[in-house]
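Enquirer: When you get a sec, could you give me coordinates for this:
(one chain, ligands or ions: 1)
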Amino acid sequence: AAEAAKPTILVAEKLGKGGVDMLKEVGTVDCSYDMTKEELLAKISLCDAIVIRSATKVTREVFEASKGRLKVVGRAGVGIDNVDLAAASEVGCLVVNAPTANTVAAAEHGIALLCALARNVSQADAAMKDGRWERNKWVGVSMVGKTLAIMGFGKVGSEVARRAKGLGMTVVAYDPYASAEKAAALGVTIVSMDEALSRGDFFSLHMPLTPNTKGMFGDDAFAKMKKGARIVNVARGGVIDDDALVSALDAGVVAGAALDVYEVEPPPADNPLVGRPDVICTPHLGASTKEAQEEVAYEIAEAVISALKGELTPSC
Ligand code: MLT
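Expert: As a prediction, this is how the structure comes out:
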């Protein structure tokens with residue numbers, strides 16, 4: 001019998017070599033990074049699977065342009081908010097992700113930003129590079145004994161909690177789906193959203209972006225916070241309402257923010273937060289460690305291969 005044609009797998013964003021090599025064992029792999037939307041639309045009808053990170057938007061238009069050929073979208077990471085899931089299911093395309101490999105990387109980046117925020121590391125570094133020795137200007141705040149409110153107590157939130165306990169912080173978490181027993185085993189108390197808002201000295205956000213979490217940190221939430229709270233976001237930009245954060249910073253309700261993610265990435269030049277001295281920014285680096293990217297590549301390659309072989313039912 002004739003051998004079944006090899007699937008064509010489009011790798012649309014940089015993927016670790018180990019994962020690409022795995023994909024090459026089962027299909028023809030086209031690594032085309034940094035495509036324009038038009039280039040993607042032109043290519044997609046030639047592909048059985050696509051592997052993406054967060055920059056590629058797999059919209060309804062992309063599924064339509066695939067003319068039924070696209071069978072698998074592999075998200076080399078956790079968040080699948082850049083894939084139109086309704087459109088995927090309408091055309092019978094599986095969406096798979098890599099749910100575990102970058103957990104620790106994201107948690108470590110959250111802790112890095114938390115520490116940088118408490119001690120003005122970025123601002124002091126920028127001042128020194130600018131020739132200024134500002135020991136009095138950049139006095140920070142201590143973390144020991146302070147309360148960290150973790151918003152979204154899934155895999156990453158739990159890893160942040162473990163590390164924050166090591167820094168001597170009191171950790172509370174808000175997550176409507178979290179188990180209080182599992183949290184208690186880590187020394188974390190699950191509280192209501194309002195209690196988290198009123199108790200947190202520091203906030204670390206770890207929820208996915210969904211219609212329910214979009215704009216969750218808006219005027220109402222900031223109004224319930226302690227004056228001088230600090231907020232870290234390594235989750236998704238859309239969970240914070242940027243204008244509300246600007247107002248909270250201007251009013252001193254929020255003393256500082258550290259952002260790794262933005263509603264639009266890269267943020268446009270007129271983004272009201274990026275240029276502020278009380279906001280630290282990194283360019284969506286949460287998952288970007290050498291180790292995590294190698295592991296993510298294996299994890300997503302395995303999921304995509306299983307999905308192409310028909311061994312998987314939708315996992316997300
Ligand atoms: C994720 O959702 O896992 C991250 O956004 C990963 C990434 O940087 O692609």
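Enquirer: Quick check: residues of this structure near the ligand?
Expert: Contact residues, the chain versus the ligand (C-beta under 6 Å from any ligand atom): 53, 54, 77, 78, 79, 102, 284, 286, 287. (C-beta placed from N, C-alpha, C; glycine too.)
Enquirer: Okay, residue 88 and residue 45: tell me how far apart.
Expert: Here residue 88 is placed at a distance of 16 Å from residue 45 (C-beta to C-beta, to the nearest Å).
Enquirer: Comparing those two, which residue is more hemmed in?
Expert: Neighbours per residue (other C-beta atoms under 10 Å) separate residue 88 from residue 45, with residue 88 holding more: 21 against 13.
Enquirer: Go ahead and confirm the more buried one touches residue 63.
Expert: Yes: judged on C-beta atoms under 8 Å, residue 88 makes contact with residue 63 at a distance of 6.3 Å.
Enquirer: Got the phi and psi for residue 169?
Expert: Main-chain dihedrals, residue 169, degrees, to the nearest 10: phi -90, psi 150.
Enquirer: How about the closest residue to it other than its chain neighbours: which residues does it bridge to?
Expert: Closest residue to residue 169 apart from its sequence neighbours, by C-beta to C-beta, 6 or more residues apart in numbering: residue 148 at 4.6 Å. Counting by DSSP bridges, residue 148 is bridged to residue 171, residue 202.
Enquirer: and the gap between the closest residue to the ligand within the chain and residue 8?
Expert: Using C-beta to the nearest ligand atom, residue 77 is the residue of the chain that sits closest to the ligand, at 2.8 Å. Distance, residue 77 to residue 8, by C-beta to C-beta: 22 Å.
Enquirer: neighbour count winner among these two?
Expert: The neighbour comparison of residue 77 against residue 8 (other C-beta under 10 Å) goes to residue 77, with 24 against 16.
Enquirer: wait, what's in contact with the more buried one?
Expert: 53, 54, 97, 98, 102, 287, 296 (C-beta atoms under 8 Å, 6 or more residues apart in numbering).
Enquirer: pLDDT of stretch 37-53, averaged?
Expert: When pLDDT is averaged over stretch 37-53, the result is 97.
Enquirer: swap in stretch 197-209?
Expert: Over the span of stretch 197-209, the pLDDT mean works out to 97.
Enquirer: just stretch 259-266 next, same as before
Expert: Stretch 259-266 shows a mean pLDDT of 97.
Enquirer: now that stretch, how far from the centre of its chain.
Expert: How far stretch 259-266 lies from its chain's middle: 9 Å, per C-alpha atoms, centre = their mean, to the nearest Å.
Enquirer: what's around the nearest residue to residue 266 once chain neighbours are set aside, how many residues?
Expert: Spatial nearest neighbour of residue 266, excluding adjacent residues (C-beta to C-beta, 6+ apart): residue 283 at 6.8 Å. Residue 283: 12 surrounding residues under other C-beta under 10 Å.
Enquirer: Residue 283 in helix, strand or coil?
Expert: When classified by DSSP: H, G, I helix; E, B strand; the rest coil, residue 283 comes out as coil.
Enquirer: I'd say it and residue 261 touch.
Expert: No: using C-beta under 8 Å, residue 283 is not in contact with residue 261, being 9.3 Å away.
Enquirer: can you count the residues close to residue 57?
Expert: 14.
Enquirer: what sits against the residue most central in space within the chain?
Expert: Nearest to the mean C-alpha position of the chain, by C-alpha atoms, centre = their mean, lies residue 235 at 3.9 Å. The neighbours of residue 235, taking C-beta under 8 Å, 6+ apart as the test, are 152, 156, 205, 206, 207, 208, 209, 261.
Enquirer: Do I have it right that the fifth one meets residue 151?
Expert: Okay, so that is residue 207. Yes: counting by C-beta under 8 Å, residue 207 touches residue 151, with 6.0 Å between them.
Enquirer: Show me which of these two is the more surrounded one.
Expert: Taking other C-beta under 10 Å, residue 207 and residue 151 do not tie; residue 151 has more neighbours (26 against 22).
Enquirer: All the helices of the chain, in order from the start?
Expert: For the chain, helices defined by DSSP state H occupy the ranges 17-26, 37-43, 60-65, 85-90, 103-119, 121-129, 155-166, 180-185, 193-199, 219-223, 242-250, 290-308.
Enquirer: quick one: buried residues of the second one?
Expert: The one in question is helix 37-43. Residues of helix 37-43 classed as buried: 40, 41, 43 (neighbour count, 16 or more other C-beta atoms under 10 Å).
Enquirer: now the third one
Expert: Buried residues in helix 60-65, defined by neighbour count with 16+ other C-beta under 10 Å: 62, 63, 65.
Enquirer: what helices or strands is that helix leaning on?
Expert: For helix 60-65, the elements it packs on are helix 37-43, helix 85-90, judged by 3 or more C-beta pairs under 8 Å, 6 or more residues apart in numbering; DSSP states H and E.
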